[in-house]
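Novice: no sequence on this one, just coordinates:
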C-alpha cells in the first residue's frame, strides 16, 4: 500500500461521515427543486377541499355537536318557516337516540396486535411481534396512543372526535383465518361513514375501507397524529459528529413511482411525487415502518410536522403525517395499512420497493439500483454463511476474506509498479532536468524509458486506487447493512460482542466524552492498534515518502479511525479490524518477495523483475 492507498483509506472514513451529514441536506435540496411545481397543485387541492360538500357545525365548550355530512349550511337553509320546521323534524328523527360510549377492540394476528377505537374509528395502538426486547416483550410503535393514527377528514367534516357505532364487536379478537371490525357513523341528516378494518392471520397489512352513504365528498385527509415510536434504545449522546445516532431514523418515506424517497425535516413541510402521484407513504424508524399503501398510484399530497419526543433532543423527532387527496366521485376510499418490520426478504416479497426503506441511493448516478443491489448481495452473503455457521461474527470475517481476496491481485500489481517507478526515479529526474523547457520531448523520453523497462505508469494509480474503489461501496454497504438490517438486531458474535448492530460497550461506568459517550468499548481500540501497525508497515516500505509525512500518517490514521469507529456497529468495526490484519500479513508476505528499493539506488542501474534497467535514449 502506497500513499494513494493511505489517502484512499482516509477518503473512505471522510465519505462515511460526509454521507451522513450531507445526505439529508442533499435530499432536502432535491425536494426543494420540486416544491415550486407542487405548490399550485397543493393550493388547488386545498381550495377544492374548502369548497367541498361537508360541513362541521360550530362547536362550543358546553355543546359538542357531531359532524354533519352532505352539504353546506347554505344549502340546507330553507326558503320559509315551514320548510325550516320540516328540516328540523327530519334531523331530530334521524339523530342518535342515545350517547355512544367510547370503546375499543384489540385484534391479534401472527404479525402484530392492533387496538382500534370507536372515537374516530381509528387506530389507537400497534404492537409488533417481530421486535421483542431482551425480556421478550413486544414494543409499541405508535408514539402517542392517546392521539392514535389515521383520523379521517371529509371535506370540512373532522371525524377525529366523532363517536362511531361498533355493534356487538368483542373487546379482543384473535385472528385464526380472517376477521373484520366495522365502525359506523351517522350524522343528523342520515348520511353515513362506515370504516371497516380487515385482518388476515399472516398478513403484513390491514385492509382499510371507508364507505360513504347518502353523500359524495370531494376530498379527504388521513391524519396520523400519534407519530411512530422508536423500538430501540437511542444513545444519550451522538458521539463524534453525531455518528452514534446516525443509525436511528425518523423519516417520512414514500414511493413516487420512480424512486423511494426518505425525507427528514425540522419544520412543517409538504412532500409530493415528481408527477404528483404516490404508491405508498408513511413513517419509518430504525427497524420498523408503517405505511398507507394505495391500490394504485394517486395524486396525494403529504405534509409532515415534527413532533418532539420527550421534550428534548435525546431522541430523533417523529412526525404528524397528513395524507390528502381528492375523492374524484368515488363512494369509498380504500387502502392497506402496512406494518413492516424492516427485514429485507419480507419487504422484497411485496414487490413495492419497500426494501429501499432500509437503504437507498442517489438516483442521479444510478445508486438507487446498483448500490441497493450491493447491499442486498452483502446481506444474502452474510445470511448464506450464517446458514452454514450460525454466527454472524464468523460470517462477517468470511465476507472480509472474500473482499480482500478479490482486491489482493490489484494490490500486488500496484506494489510491483511502485517498485519499478522507484527504480527509474534517478533517470526520470535526469529527463525532467534536461527537458524542463520542452514538455513534448520530456514526455517522449519518459514513455520510452517506461517501455524499455516494461513499466506501466498507470498501474501504480490503478493498482492503488482500484482496490479502494472496489472496497468503498462494499464498506459503505456493510456500514448500512450492519446498522439497519433487522437480521443483525441483537445478533451476538463471540466473547464480549453481544450485538453486532451496536457498539460493543463492555463497561458503561467509564465513558469518554464525545468519543465513547455510552461507555468503554474494546473493538475501537483494537481498530486503533491494527490501523497503526498497518500504516507503519505500508509507510516503512515507501522510501520515497518524506519522513515527516510518514510519521504524520502513522499517527493520524489510527486517531481518525478511533473517532469514527467508537460508535460504529461492532460488526462493521470487526470487518475493518480483520481487513487490517489481512493487509498487514499481505504486505509482509509481498515485501518478502519484492524487497523495498533502497533510497540510495545508483543512478545508472538497479534491478527490476530480474532485469537490468535500461537507460532511455534521449530524443534530440
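Specialist: Sure, I can see it. None of these values were measured; they are calculated from a predicted model. Numbering: from 1, shown residues only.
Novice: name the nearest residue to residue 339, sequence neighbours excluded.
Specialist: residue 112 (5.0 Å; CB to CB, 6 or more residues apart in numbering). Where C-beta positions appear, they are placed from N, C-alpha and C, glycine not excepted.
Novice: that neighbour against residue 123, yeah?
Specialist: No: look at residue 112 against residue 123 with CB atoms under 8 Å: they stay out of range, at 10.9 Å.
Novice: what about the strands in the stretch 101-250 of the chain?
Specialist: 104-108, 112-117, 122-128, 151-154, 157-158, 172-174, 178-186, 192-200, 205-213, 219-224 (DSSP state E, counting those that start in this stretch).
Novice: any residues touching the first one, and which ones?
Specialist: Counting by CB atoms under 8 Å, 6 or more residues apart in numbering, the neighbours of strand 104-108 from elsewhere in the structure are 113-118, 124-125, 166, 169-175, 179, 181, 197, 199.
Novice: could I get the buried residue list for it?
Specialist: Within strand 104-108, the residues that count as buried by 16 or more other CB atoms under 10 Å are 105-108.
Novice: between the residues you listed, which is nearest residue 336?
Specialist: Among the buried residues of strand 104-108, residue 107 lies closest to residue 336 (CB to CB), at 15.0 Å.
Novice: just give the nearest non-adjacent residue to the closest one, would you?
Specialist: Residue 107's closest residue in space is residue 173 (CB to CB, 6+ apart), at 4.7 Å.
Novice: contacts only, for that neighbour.
Specialist: So residue 173 contacts 105-108, 179, 181, 199 (CB under 8 Å, 6+ apart).
Novice: so can I have JSON lines of the residues you listed showing pLDDT and distance to residue 556?
Specialist: Output for those, formatted as JSON lines (pLDDT from 0 to 100; distance: CB to CB, whole Å):
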{"residue": "105", "pLDDT": "96", "distance to residue 556": "62"}
{"residue": "106", "pLDDT": "97", "distance to residue 556": "58"}
{"residue": "107", "pLDDT": "97", "distance to residue 556": "58"}
{"residue": "108", "pLDDT": "97", "distance to residue 556": "56"}
{"residue": "179", "pLDDT": "95", "distance to residue 556": "62"}
{"residue": "181", "pLDDT": "96", "distance to residue 556": "62"}
{"residue": "199", "pLDDT": "97", "distance to residue 556": "58"}
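Novice: ok, back up a step: between the strands of the stretch 101-250 of the chain, which gets nearest to residue 344?
Specialist: strand 122-128 (16.5 Å).
Novice: bridged to the residue nearest to residue 339, which residues?
Specialist: On the basis of DSSP bridges, residue 112 takes part in beta bridges with residue 128.
Novice: contacts only, for it.
Specialist: Here residue 112 is in contact with 126-129, 339 (criterion: CB under 8 Å, 6+ apart).
Novice: against which helices or strands is the helix or strand where residue 414 lies packed?
Specialist: Assessed by DSSP states H and E, residue 414 sits inside helix 392-423. Using 3 or more CB pairs under 8 Å, 6 or more residues apart in numbering; DSSP states H and E as the contact test, the elements touching helix 392-423 are helix 3-50, helix 367-388, helix 459-484, helix 570-593, strand 607-608.
Novice: weakest of these by average pLDDT?
Specialist: With a mean of 38, strand 607-608 has the lowest mean pLDDT of the helices and strands packed on helix 392-423.
Novice: let me know whether residue 247 touches residue 570 as I believe.
Specialist: No: Residue 247 lies out of contact with residue 570 (CB under 8 Å); the separation is 11.8 Å.
Novice: anything in contact with each of these two?
Specialist: In contact with both residue 247 and residue 570: residue 501, using CB under 8 Å, 6+ apart.
Novice: neighbour count: these two, which is higher?
Specialist: When neighbours are counted by other CB atoms under 10 Å, residue 570 comes out ahead of the other of residue 247 and residue 570, with 28 against 22.
Novice: distance check, the more buried one against residue 578.
Specialist: 12 Å (CB to CB, to the nearest Å).
Novice: roughly how far does the closest residue to residue 318 other than its chain neighbours sit from residue 135?
Specialist: Spatial nearest neighbour of residue 318, chain neighbours left out: residue 227 (3.4 Å); criterion: CB to CB, 6+ apart. Going from residue 227 to residue 135 by CB to CB gives 24 Å.
Novice: next, format the strands of the stretch 101-250 of the chain as JSON lines and append distance to residue 257.
Specialist: Putting the strands of the stretch 101-250 of the chain into JSON lines (distance: least, CB to CB, whole Å) gives the following:
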{"stretch": "strand 104-108", "distance to residue 257": "32"}
{"stretch": "strand 112-117", "distance to residue 257": "28"}
{"stretch": "strand 122-128", "distance to residue 257": "26"}
{"stretch": "strand 151-154", "distance to residue 257": "25"}
{"stretch": "strand 157-158", "distance to residue 257": "30"}
{"stretch": "strand 172-174", "distance to residue 257": "36"}
{"stretch": "strand 178-186", "distance to residue 257": "30"}
{"stretch": "strand 192-200", "distance to residue 257": "26"}
{"stretch": "strand 205-213", "distance to residue 257": "20"}
{"stretch": "strand 219-224", "distance to residue 257": "20"}
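Novice: for residue 389, which of the ones you listed is the nearest?
Specialist: The minimum distance between residue 389 and the strands of the stretch 101-250 of the chain falls on strand 122-128, with 29.1 Å, by CB to CB.
Novice: quick one, what contacts residue 178?
Specialist: By CB under 8 Å, 6+ apart, residue 178 lies in contact with 198-201.
Novice: please redo it, this time with the cut-off set to 10 Å
Specialist: With contact set as CB atoms under 10 Å, 6 or more residues apart in numbering, residue 178 has these partners: 109, 198-201, 203, 207.
Novice: measure how buried residue 446 is and give me the count.
Specialist: Counted with other CB under 10 Å, residue 446 comes out at 18.
Novice: find the nearest non-adjacent residue to it, please.
Specialist: With sequence-adjacent residues excluded and distances taken as CB to CB, 6+ apart, residue 446 is closest to residue 431, at 5.7 Å.
Novice: assign a three-state SS to that neighbour, would you?
Specialist: helix (DSSP: H, G, I helix; E, B strand; the rest coil).
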